[in-house]
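Peer 1: need a 3D model of the sequence below.
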Amino acid sequence: MPEISAAILAGGRALRFGGADKASLVVGGSRIIERQLAALSTVTHDICIVSNDPGRYAALGVRVIPDQIRDAGPLGGIHAALVDTVHDAVIVIACDLPFVPPALLEALVKTFESAGEVDAVVPRSARGLEPLCALYSARCAELARQRIERGDLAVQGLLEEVNYAELQTEVLAACGGETVFLNINTPHDHQRARGEVELNEKPYKDRITE
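Peer 2: All right, here's what the predicted structure looks like:
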C-alpha cells in the first residue's frame with residue numbers, strides 16, 4: 001500500500017436534497033459511502049470520515065473526525081483531513097460521488113509519486129477541475145487554515161495557491177470517463193445514478209436484443 005491516507009467528506013447539509021444523508025443513499029445495492037470505502041481500501045488502510053455527527057457512521061468501523069474549524073464547508077473538511085493525516089498525502093472524496101473507481105485513485109497516487117514536488121493532484125473533467133475528488137499534500141493544511149480565517153472558502157481558491165498536477169482527460173477515459181464525477185445533489189441526480197448502474201450492469205445479451 002502507498003503511504004497515503006484517505007478521507008470522505010460527509011459534513012454537508014444537503015439543502016438541495018432536503019437535508020438527507022447523501023452518503024447513505026443507495027446506488028447499485030450499496031450505500032454510496034460503502035462503495036467509496038471499498039474503492040479507497042484498494043489504495044490505503046488509513047481511511048477516515050469527516051463529519052460532525054460521528055454516531056451516524058459508527059457502524060462502519062471507520063474513524064470519524066470532526067471539522068477543526070466549523071462552518072467552513074468542503075474546505076473545512078479538507079483542512080480537517082490534512083491535519084489528521086499520519087501520511088504525507090490524503091485522497092479526499094466528497095460523499096456524494098458513487099462512481100469513483102479504484103483505477104482513478106491509483107492514478108492520483110501514481111501521479112503524485114511521479115510528478116515531483118507537487119502539493120496536489122486534481123482531475124480535470126469537461127466541467128473543469130474536480131477538487132473534491134483529488135489528492136492533497138499535508139503541506140496544504142496551513143494554506144487551507146489561512147484561507148478559512150480570511151473567509152475565502154472556495155476550494156478552487158486553494159488550488160490557485162499551490163503547485164498542482166492535473167489528471168488529463170485521457171487518463172479519466174481509462175478510469176470510466178465523465179461518469180466518475182456524477183455527483184448526487186438532488187433526487188433527480190439520485191435517479192440518474194441508479195439508471196447508470198442499471199444500464200452498466202444489465203447483461204450485454206439483453207442490451208443487443210432490444
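Peer 1: tell me where this protein has helices.
Peer 2: Applying DSSP state H to the chain gives helices spanning 32-40, 73-84, 102-114, 140-150, 155-159, 169-174, 187-201, 204-208.
Peer 1: the third one - contacts with which helices or strands?
Peer 2: Where contact means 3 or more Cβ pairs under 8 Å, 6 or more residues apart in numbering; DSSP states H and E, helix 102-114 is packed against helix 32-40, strand 89-94, strand 120-125, strand 133-137, strand 164-167, helix 169-174. Bear in mind the C-beta positions are built from the backbone N, C-alpha and C, glycine included.
Peer 1: and what of the fifth one?
Peer 2: Using 3+ Cβ pairs under 8 Å, 6+ apart as the contact criterion, the neighbours of helix 155-159 among helices and strands are helix 73-84, helix 140-150.
Peer 1: can I get the longest one as CSV, trimmed to CA atoms?
Peer 2: Output of helix 73-84 as CSV, limited to C-alpha atoms (Å, rounded to 0.1, in the frame of the first residue of the first chain):
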residue,chain,number,x,y,z
GLY,A,73,-17.8,24.0,4.0
PRO,A,74,-15.8,21.5,2.0
LEU,A,75,-12.6,23.5,2.6
GLY,A,76,-13.1,22.9,6.3
GLY,A,77,-13.4,19.2,5.6
ILE,A,78,-10.2,19.1,3.6
HIS,A,79,-8.4,21.1,6.4
ALA,A,80,-9.6,18.6,9.0
ALA,A,81,-8.4,15.6,6.9
LEU,A,82,-5.0,17.2,6.3
VAL,A,83,-4.5,18.0,10.0
ASP,A,84,-5.5,14.4,10.9
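Peer 1: pLDDT (mean, whole number) over that helix?
Peer 2: Helix 73-84 shows an average pLDDT of 96 in the prediction.
Peer 1: closest to Gly11 out of the helices of the chain?
Peer 2: Gly11 sits nearest to helix 73-84 of all those, at 5.3 Å, using Cβ to Cβ.
Peer 1: mind putting the helices and strands packed on helix 155-159 in CSV, distance to Gly157 included?
Peer 2: Output for the helices and strands packed on helix 155-159, formatted as CSV (distance: least, Cβ to Cβ, whole Å):
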stretch, distance to Gly157
helix 73-84, 8
helix 140-150, 6
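Peer 1: between the ones you listed, which one is closest to Ala134.
Peer 2: helix 73-84 (9.0 Å).
Peer 1: for Ala80, what are its contacts?
Peer 2: Neighbouring residues of Ala80 by Cβ atoms under 8 Å, 6 or more residues apart in numbering: 7, 50, 65-69.
Peer 1: show me where pLDDT drops low in this structure?
Peer 2: Judged by pLDDT under 70, the chain has its weakly predicted residues at 1, 12-19, 187, 198-210.
Peer 1: list the contacts of the most centrally placed residue in the chain.
Peer 2: For the chain, Ile93 is the residue whose C-alpha lies nearest the centre (Cα atoms, centre = their mean; 1.1 Å). Ile93 sits next to 6-9, 36, 40, 100, 132-133 when contact means Cβ under 8 Å, 6+ apart.
Peer 1: please repeat the previous calculation with a cut-off of 6 Å.
Peer 2: Counting by Cβ atoms under 6 Å, 6 or more residues apart in numbering, Ile93 touches 8, 36, 100, 133.
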